Each structure stands twice: as C-alpha cells, then as structure tokens.
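Trainee: sharing a model prediction with you, sequence too.
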There are 2 protein chains.
Amino acid sequence: MANCIVAQSGGPSSVINATLAGIVKANQLNPIYDHVYGGLNGIEGILSERFVDLTKMTEHENQVLRQTPSSALGSCRYKLQRDHKADFEKIFEVMEKYDAVTMFYIGGNDSMDTVAALSEYAKKHGISNRRFIGCPKTIDNDLMGTDHAPGFGSAAKFIATTLWQCWQDINVYPDSRKEVFIMETMGRDAGWLAASACLSGVVDVLVMPEPVFDKEEVLARIDACVKEKAKCFVVISEGAHYADGTYIAAADIGNDLFGHAVLGGAGRALEKMILDSGVCPRCKVMNLSTSQRSHATEQSLTDVTESFRLGLSAHMHSSDPSFTGKMIALRRRTDVEEYDVEYFTLEADSVANFVRNFPMEWLLDDYRGITQEAIDYMKPLIQGSPQILMKDGLPEHTVPYYMGNQEIEKK
Amino acid sequence: MANCIVAQSGGPSSVINATLAGIVKANQLNPIYDHVYGGLNGIEGILSERFVDLTKMTEHENQVLRQTPSSALGSCRYKLQRDHKADFEKIFEVMEKYDAVTMFYIGGNDSMDTVAALSEYAKKHGISNRRFIGCPKTIDNDLMGTDHAPGFGSAAKFIATTLWQCWQDINVYPDSRKEVFIMETMGRDAGWLAASACLSGVVDVLVMPEPVFDKEEVLARIDACVKEKAKCFVVISEGAHYADGTYIAAADIGNDLFGHAVLGGAGRALEKMILDSGVCPRCKVMNLSTSQRSHATEQSLTDVTESFRLGLSAHMHSSDPSFTGKMIALRRRTDVEEYDVEYFTLEADSVANFVRNFPMEWLLDDYRGITQEAIDYMKPLIQGSPQILMKDGLPEHTVPYYMGNQEIEKK
C-alpha cells in the first residue's frame, strides 16, 4: 500500500473543506491508502514537507470539517511555474519520500493548472506511479467544463438571503424618502455572484462585469427607479468596468484619495456617481466582503453535499493508476425531472486558465436583472440547509492547521 | 369587549416581530380583545388610521412572522412631541373610534417616551379607559432597566459568528504577510454590539464608544499586534469618538472627501490612520451594515423565545385596566443555576431618554477586549438556533404591510 496527499489552494469557500472531508471519509470506507496526508498551505506545504495526518479522523471531526469555512489546511498564493524545474523535482522527491502515489488538489483555475503541469511533467519524465487529481471549488463559479463549481451555491444563498433581509429592513419607513441601497459582491471578472442576488426577487438594477459599464445608462436606470418608487436596490459586481478595462472602483476612487486603490470598492464608486449626479441624495453601501465566502452557517445543503461527494468521487477514481491530470466535474442529469447531478471527469488543462463568464443572453435589457432561465439554473444550487453543530452559541469549526493539529515529523 | 392596537417603531431587529407574534398569539390563547389591529408605520399609522387586522393569524403565519426580520408593520421616524396637542387628541380620537382600549408600542428609547407621554396625557385629562404598554427592543442593548434588550442577542450572535468565520478566512495564508482586518459594528453611543464580537474569541483590538478614542494608543496597540503575529483583528464601534465628542469617522473622512459625511464609517477612518501611519500596509474593512440587524436566519433561539414571551407577558398584563405607562422588562433569575429570565414591569419614563452604556469596568486595558464577567453576561443571550422555515432555498418571511395584507377600511 501507499499514501496520498491532499492540499487546498486559492480563495476559500464555505464548502471547500467538505471535499477534503469526502476524500478522508472515502479512504475510511475503502482504505486504498495507508495515510491521507494533508499538505499545509497548498503547494508550499508540499515543497516544505509540512503535513498533518488526517487518516483517522472521527465522524464528528469529519462532520465539523464539512461545516468549517475557509481552507482547513491553509491556502497559498504560490503558483507553480512550468519553468521552475527545481519545484517539480522537489515535489516528486517529497512524494517519493512520503510514499504518496496520489495528490489531490482542491482549488480553482490555477490549481487545475498545477494538476495539469504536474501530470505533464510526470508523463514527460516517464514517471508512471504518481497521479494528480483536481477537485474544483470557487465561489466565483467561473470554472469551465463543470455545470457549476462547489462553493458557488452557498455563497449565492448567503448573498440572496442577505439582500432579501436588507430589503425588508430598508423598506420599513414610509415610502417618501428616496434611498439607493447598493450591495457589492465578489466574483472578479465573472458576474455569477452578483447575478445570484436576483434569486431574492428584489434587485432593481444589476451591474455585472460582462457588459461594459455605461455610467450614463446605469444612472438613468437608477434615476427612473428612484422616481418610480423612491427606493432602488442595486447589486454591483466588484469586477464592473469601463470599455477600456478599467474597473469602476479604480477609475473613480483612485490613488489620489487614500493613496491606495484597494480601498475603493465598486459599490462606493457607484455611490459617489449617484450622489455627484444628484440622482438620489441618499445611498447605503454594503460590501459583504469576506463574509460571503465564509458564512458556512448558511451553507446550501445541495452545495455541501455535492462537494463532499466530489471528494468521494475523486478518491474512488484515484484507485486507477492511470487516472491523472483530470478534474472531477459536475453535470446536471437530463434523464430525470428533479434536479440531480452526476460526476464525470475531464482534462485539468481544459479548465486551467479559462474563465467562464455569465452568459450575456441571460441578462435582461437595461440592467434589470437576469432571465428566468438564469434563475432556473441557479435556484437548485441554493436548496436545503444542513444541521449545523453549535458549541457555546457559535458554530463549531475545526481548523486542523491553525488549531494546532500536530504536524507529522519530517522524514 | 374592545380592541387593541400594536405598532412598532425605531430601527428594526431580527426579533422585533417575535414580540408582535407573541401579542397576537396571546390574544388567541385568551381573547380579551375582539381585534388586534396592527398600526402601520408606528405612530404615523395610528395618526392616519392605517391598520391591518392581525387577530386571526394562523400558526404558520405566526411562525413565519417570528422569523421575519425588520418591522413587519413598518416603522417610523416620527417622534411624538409633548407640546403637539393635536397629535395627542387625534390618537385618543382614533382609539375611541376603533374602540381600542390598549396600545402596545414595540420599540426603543423614543418609543418608551411615547408610551410615557400618552399615559401621562391620559392621566392629566382624566381618561381612564386607555392604556399604553411598552415592549422593548433594540439591537444596541442600550435600554435602562432591563437586563438586556430583545434583539441584542441575535445581532451579537451574527456579529460573533461572522467575525469567527472571517478570522478563519483571513488566516489561511502563511503568516508572513501583515494584514489588519477591521470589522465595524452598529450600536451608536453604546459599545454592546462591538463588544459582542469578543464572544468569537478572536478580537485583538476593541475600539468602543465608551472610552475616549486615543489615536496614538490604538495605533500603538495595533502596531504591537501586527509585529507579534502579522495579523490583527480589530473591531470598532461606529460610535468611537474623540474627547470632544467628534466621531472618528466624521473627523477623518470629512465633507472634504465626498462632500457627504455619511460616507465615512469608523472602520474606514481607522483604516486610513493605519495606512497613513505605516503601522500596516494592508487593511480589509468589513462593515456589516444593515445585515447585522436583519440577519434573522441566524436568530438566537434564546433571544427570539424571550421576545415572543415578552409579547405574551405584555398582553397578559394588559388585562388590568390600571396597567398603563409601563414597559415589560427582563431580569435574570438568581434563584437557579442555569440561565433563565423572569418578566417584570417598570415605568416607561424611567427608561425613556436614557442610554445604558457598556460598563467601563468590563473593558480590559489597552483595547484588548472585555472581561470574563462581560463574556459571562453575553454568552447566554446567543444560545440556540431556531428551526427556520425555508421556501425555495430562501427563508420564508412575511411582511403584512409590504406584502399587501389588506388594510382595514377606515371607520
């Protein structure tokens, strides 16, 4: 027998640990590996031989791990470069030393590139006893090849829920006072997260990164809405940008303000435009920031279940020694009426370095939101609420890395 | 028989509707009123005779109401002035016309003043058949006389949970990169909400409104923290202010920036100080904004139960025709080991127009957080999670007013 390594990379999500929990659980159901080693801080931990042993995790620990946000093994920003030969050599050396035949890498775009690069390297150097398997995750939902990415459903649920509740709050006063409420979401250059706010049914104006931002048009739309019903609910993606690619945040709240462009969000930039133009004298901006990718107490049951099972599937596939350079993906079943997914595999390099944008044909004209087809696509992904284990009034979360699980001794 | 009126006022909370639900339910258990009329938009709705009839609410509607954030009957900003005789006359005229012998007013400070003013007026004019009863609510927890205010526990739970989850997120990367994470909370001039973040156990620096803000001291403390462990978690109350009473937001992000002081939050003002001083090159600011008072999907079960029962208690007390000008309050039981409350009553005018600050003796030196005594006070208030009814992946919320419950015909 031999061992396997699991590591996580990229920005965290509410359910990335559920995939990790799935891999660990699968090996308890069918112990094809002697040890499941968790590599700390992604590829960095593998390069520096920092591992925890996850093999004997209890069911309770596994359950807590599934409801823990962020990356329990830590993440990294280190991107493996194909021309850094030393890194590749080191990784194979470490895998040999720890007798690890399989590496599972849970992450987004860049992580799939790492999986592709490592399996290419193995092939090129005639190394046939190491395999690399990618498990997708990203709240941004911008991965190619898979129907949707684990992590998106939970973030979408939190975003739509929060907007729906804020809408109730903002609407408690008699209607005469004009106010624009702006919610900014993450998502980088893909508008999926911003669009998911439309599941709440209360979005008046949706500003996405996919169509070019036209200031006059957006202000005109907000103006019309405020005139019609005093209150206007705007959702804006952090990636909203002008025709030349400049982000609206950078363009309007520039370095001259605080000396640091990172301070300006798209929401605040839009607020400034609204106030300056006189469209509305009052705005409130809410930027969900980190909470939208870490609010695991409101995971979507569908999302967390799919993520866990994706880990099971990855482990199962890994029993085939020739299975390498692949990513496990989700496909919506078409043979049944109800929503269900099936798991399939595709080449990691067909996913790496591509971005799947929100389809333009799913956008309504005039920034009015999204089509019924888009709603129908997203709605199944936010269904259900898992039972969350609580401790002392707060959700129980485990972080093997930061909570001091003993690292194994270096070999 | 006769009728009663219930209305809500002030800023919404996650559980203010639970008190309303309690009053409605109590009247179904013991129908001492023919009709329970909901006054829309607080005192404004009473003045303009806008009512919905809540008497026959079903158990399902009641349950959904209990988990609905914001004020289901709408709120108002209108403050009854003691010298506006016409308003008083109109209210008594409306009560007579609708045969309402009791008015329940659910709200904060100002609402208790309204209750006191109306009962004083009745007394002064020899009106003995109208009674006014206050039901406290405020996420700020700044009401005198009651051990705590309904609404605080749920907001505290959401704040502590969110910070605990963001902490996990921010800590996923290897520790070398310096970063300050700032969370801003509501609470106005009382620091209870900011302090509640300490229930998470991850607050490094706590900036409250109660002690005067000393920029140098706060920056020195953050500096020491960043030097010690790279990451620093700061929680700041929106009410943090200098010795002369100037809010730090107003002082540092003034009109000169956007021409509108409302844009600057305390968190962003502190961020600017940190960046300008060079204490840390990287900050992230999260302002929970409206979500902290409306995130009812994470109500504290203790809080929502107490709020509901407070409604029951108010209704029960109201069967006594001489019971007027009072507020129902909570007292912690001292005759049992476990946490429990009892309900008692006090004069509304002993609550109105006072603010209960966070006790200075519950603050640790050097902005390091709060004492164990403070933790022990708050911890019971965030316990338990109610079962939330969901619909299509989102929480089911009812808003009789905005969702179009038929207003009754004016008499």
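Mentor: Now that the structure is in, tell me what you want to look at.

Trainee: for residue A:301, see how far away residue A:340 is.
Mentor: For residue A:340, the distance to residue A:301 (Cβ to Cβ, to the nearest Å) stands at 14 Å. The C-beta positions use only the backbone N, C-alpha and C, and glycine is treated the same way.

Trainee: with residue A:99 instead?
Mentor: For residue A:99, the distance to residue A:301 (Cβ to Cβ) stands at 37 Å.

Trainee: neighbour-wise, which of these two wins?
Mentor: residue A:301 (18 against 15; other Cβ atoms under 10 Å in any protein chain shown).

Trainee: count the neighbours of the nearest residue in space to that one that is not next to it in sequence for me.
Mentor: Nearest-residue entry for residue A:301: residue A:384, 2.8 Å, with adjacent residues in sequence omitted and distances by Cβ to Cβ, 6 or more residues apart in numbering or on different chains. Residues near residue A:384, counting by other Cβ under 10 Å, number 16.

Trainee: what do you get for residue A:188?
Mentor: 16.

Trainee: next one: the one 4 residues further on
Mentor: Applying other Cβ under 10 Å, we find 30 other residues in the vicinity of residue A:192.

Trainee: do residue A:294 as well
Mentor: Other residues lying near residue A:294 total 29 when counted by other Cβ under 10 Å.

Trainee: cool, and the one 10 residues further on?
Mentor: Other residues near residue A:304 come to 26 when the count uses other Cβ under 10 Å.

Trainee: chain center to the helix or strand containing it: distance?
Mentor: Here residue A:304, judged by DSSP states H and E, is contained in helix A:301-317. Averaging C-alpha positions (Cα atoms, centre = their mean, to the nearest Å) puts helix A:301-317 15 Å from its chain's average.

Trainee: and for stretch A:118-128?
Mentor: For stretch A:118-128, the distance to the chain centre is 29 Å (Cα atoms, centre = their mean).

Trainee: which residues touch it?
Mentor: Around stretch A:118-128, the neighbours that count as contacts under Cβ atoms under 8 Å, 6 or more residues apart in numbering or on different chains are A:80, A:88, A:91-92, A:103, A:130-132, A:321, A:324-325, A:348-349.

Trainee: and the furthest pair within the residues you listed?
Mentor: The span of the contacts of stretch A:118-128, defined through Cβ to Cβ, is set by A:80 and A:321 at 22.8 Å.

Trainee: show me the strands in the stretch 51-200 of chain A, by range?
Mentor: Along the stretch 51-200 of chain A, counting by DSSP state E, counting those that start in this stretch, strands occupy A:51-53, A:100-107, A:131-136, A:179-185.

Trainee: let's have those strands in TSV, adding mean pLDDT and mean neighbour count.
Mentor: Compiled in TSV, the strands of the stretch 51-200 of chain A are given as follows (pLDDT from 0 to 100; neighbours: other Cβ atoms under 10 Å in any protein chain shown):
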stretch	mean pLDDT	mean neighbour count
strand A:51-53	94	21
strand A:100-107	98	26
strand A:131-136	98	28
strand A:179-185	96	25
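
Trainee: in TSV, list the ones you listed along with distance to residue A:37.
Mentor: Shown next, in TSV, are the strands of the stretch 51-200 of chain A (distance: least, Cβ to Cβ, whole Å):
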stretch	distance to residue A:37
strand A:51-53	4
strand A:100-107	7
strand A:131-136	15
strand A:179-185	36
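
Trainee: residue A:43 is nearest to which of these?
Mentor: strand A:100-107 (8.0 Å).

Trainee: who does that closest one pair up with?
Mentor: On the basis of DSSP bridges, the sheet neighbours of strand A:100-107 come out as strand A:2-8 (parallel), strand A:131-136 (parallel).

Trainee: pull up the residues of the stretch 251-400 of chain A that are close to chain B.
Mentor: A:257-260, A:262-263, A:268, A:271-272, A:275, A:282, A:284-291, A:293-298, A:300, A:379, A:382-385, A:388, A:390, A:392-395, A:397, A:399 (Cβ under 8 Å from any Cβ of the partner chain).
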